[in-house]
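1. Below is the sequence, then the predicted model.
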Amino acid sequence: MALSKFFFKEGALVILAVFGWVRIKLIAKPTLLILTYHRILPPGDPQRNSEQAGMVTSPETLQKHIQLIKRLGAEPVHLDEWLEKNRQGQRVPSLAVAFTFDDGWRDNYEHAYPVLRTHQIPFTIFLVSKLIDTDKTFWPEQVLRLLVTDNVPSEDKCFHWLRPYINVVVNEPAHFPLDLADANLVIGELKRLDDETIYRNLELIYDVHPCLAPNSDSRAILSSSELDEMAASGLAHYGAHTQHHYRLNRLTDENQINAEILECMDDIKSLSSAHVPVFCYPNGDITHKGQRLVQSAYRAACTIKTGWNRSGCDPYDLHRFSLHDGNSFSPQRLLATIGRGLL
């Protein structure tokens, strides 16, 4: 049974890969593929031990993607430049590919940038503006690190808020550390809470146990000097991904929504001259209020909808392919992921 299941799965991947390849080769109208990455970490990097599945791609896998894109005859482009030509009705490549990175991770500079620079690939990083030049990081990474670390005093009162979400995933009594798969499921359960509530509870833990708090030695987000260096190459452009990565559908205060969407671009303009008027929705969470604000201040917006973008497409409804080691570690897997996204 297990063997037949394996062959069925592998056969399906081959079919999807062929489908993806054929669809790309038969493109009749100019098309843009947007490839989306988050973290770029080498195999064996310890940060992989406390990161969500689907968030990590190795530098070697990124290089394979670039090589495949070139073999397909696609032209790597700056996302904003393709969009501007599309807006003006100008000629665009028959098949263009935009490489994009969400969140502004430091490893984009350390491990992605050397690969992109070697191949002279333009790229866009969507920045969470208030995290630049800080030792802060996102709550899923903070929670994961706590869940998978030895000797965390999880019975302390300051951890009690977390218990109900752990208990949904792991039968009582649940003891730390959890394995990474279960910890990932806990992150999914926590998304029922708003971001600020989670951050407040994490601060309570750090108040009681300062040794558990993130520190400057473990800076995970880009610095302004790293942004400057990448921008100086002419390859890096920077779009907006809110000020704090708060999910917009969880915010009720209008001033806060305005700040997350509008003031984010003001922050990025002050950080780099390579800023571009393109927004990326955190988690893909879109609200009518958020859409109106984005359309009033930006030229385009990326969603988490899967698929490609034809010339003449709606610039505020851009589709992308979210990639990681699991779904694209080989050219066949990448083509299969594209094929699946085009069904």
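-> Alright, I've got the coordinates. For clarity, every value in this text was computed on a predicted model and none was experimentally measured.

2. next structured bit after the lowest-mean-pLDDT helix or strand in the chain?
-> Lowest by mean pLDDT, DSSP states H and E among the helices and strands of the chain is helix 2-25, with a mean of 76. Proceeding N to C from helix 2-25, the next assigned helix or strand is strand 31-37, under DSSP states H and E.

3. who's in contact with the helix or strand just after that next one?
-> Counting by DSSP H and E, the next helix or strand C-terminal to strand 31-37 is strand 39-40. Under the criterion Cβ atoms under 8 Å, 6 or more residues apart in numbering, residues 47, 51, 55-59, 62, 101, 105, 107-108, 110-112, 115 lie in contact with strand 39-40. Placement of C-beta: from N, CA and C, glycine included.

4. Sort out which one of these lies nearest Val169 for me.
-> When those are compared for distance to Val169 (Cβ to Cβ), Glu51 comes out closest, at 17.5 Å.

5. For that closest one, list the residues it contacts.
-> Glu51 touches Arg39, Leu41, Glu141, Leu144, counting by Cβ under 8 Å, 6+ apart.

6. hmm, 7 Å instead?
-> Glu51 makes contact with Arg39, Glu141, Leu144, according to Cβ atoms under 7 Å, 6 or more residues apart in numbering.

7. Could you find the closest non-adjacent residue to Pro331?
-> Leaving aside its sequence neighbours, Pro331 sits nearest to Leu68 (Cβ to Cβ, 6 or more residues apart in numbering; 4.6 Å).

8. Counting neighbours, what do you get for the one you found?
-> 18 (other Cβ atoms under 10 Å).

9. Now that we have the contacts of Glu51, which of them are buried?
-> Buried by 16 or more other Cβ atoms under 10 Å: Arg39, Glu141, Leu144, out of these.

10. Tell me if the second one really is in a strand.
-> Read it as Glu141. No: counting by DSSP: H, G, I helix; E, B strand; the rest coil, Glu141 is located in no strand; its state is helix.

11. Can you give me the distance of it to Pro282?
-> Distance of Glu141 to Pro282, given as Cβ to Cβ, to the nearest Å: 14 Å.

12. go on, the first one?
-> Summarising the geometry, the distance separating Arg39 from Pro282, computed by Cβ to Cβ, is 16 Å.

13. so who does Ile221 touch?
-> Gly104, Trp105, Arg106, Leu131, Ile132, Thr134, Lys136, Thr137.

14. among the residues you listed, who's most crowded?
-> Of all the contacts of Ile221, Trp105 has the most neighbours under the rule other Cβ under 10 Å, reaching 28 neighbours.

15. My read is that that one contacts Glu226, right?
-> No: contact between Trp105 and Glu226 fails when scored by Cβ atoms under 7 Å: they sit 10.5 Å apart.

16. As JSON lines, the contacts of Ile221 with distance to Ala28 would be great.
-> What follows is the contacts of Ile221, written out as JSON lines (distance: Cβ to Cβ, whole Å):
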{"residue": "Gly104", "distance to Ala28": "37"}
{"residue": "Trp105", "distance to Ala28": "37"}
{"residue": "Arg106", "distance to Ala28": "41"}
{"residue": "Leu131", "distance to Ala28": "42"}
{"residue": "Ile132", "distance to Ala28": "42"}
{"residue": "Thr134", "distance to Ala28": "47"}
{"residue": "Lys136", "distance to Ala28": "47"}
{"residue": "Thr137", "distance to Ala28": "44"}
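
17. would you list these in TSV and tack on secondary structure, distance to Gly188 and pLDDT?
-> Shown next, in TSV, are the contacts of Ile221 (DSSP: H, G, I helix; E, B strand; the rest coil; distance: Cβ to Cβ, whole Å; pLDDT from 0 to 100):
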residue	secondary structure	distance to Gly188	pLDDT
Gly104	coil	23	98
Trp105	strand	21	98
Arg106	helix	25	98
Leu131	helix	22	97
Ile132	coil	27	97
Thr134	coil	26	93
Lys136	coil	22	91
Thr137	coil	19	93
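
18. Looking at these, which is nearest Ala336?
-> Relative to Ala336, and with distances defined as Cβ to Cβ, the nearest of those is Trp105, at 25.8 Å.

19. from what I can see, the residue nearest to Pro331 looks like it's in a helix, true?
-> Yes: assessed with three-state DSSP, Leu68 lies in a helix.

20. isn't it right up against Leu334?
-> Yes: look at Leu68 against Leu334 with Cβ under 7 Å: they come within range, at 6.1 Å.

21. now the closest residue to Asp107 other than its chain neighbours: how far from His111?
-> Nearest non-adjacent residue to Asp107, counting by Cβ to Cβ, 6+ apart: Ile40, 5.1 Å away. Relative to His111, Ile40 is positioned 4 Å away (Cβ to Cβ).

22. How many neighbouring residues does Ser311 have?
-> Residues near Ser311, counting by other Cβ under 10 Å: 18.

23. Great, nothing more from me.
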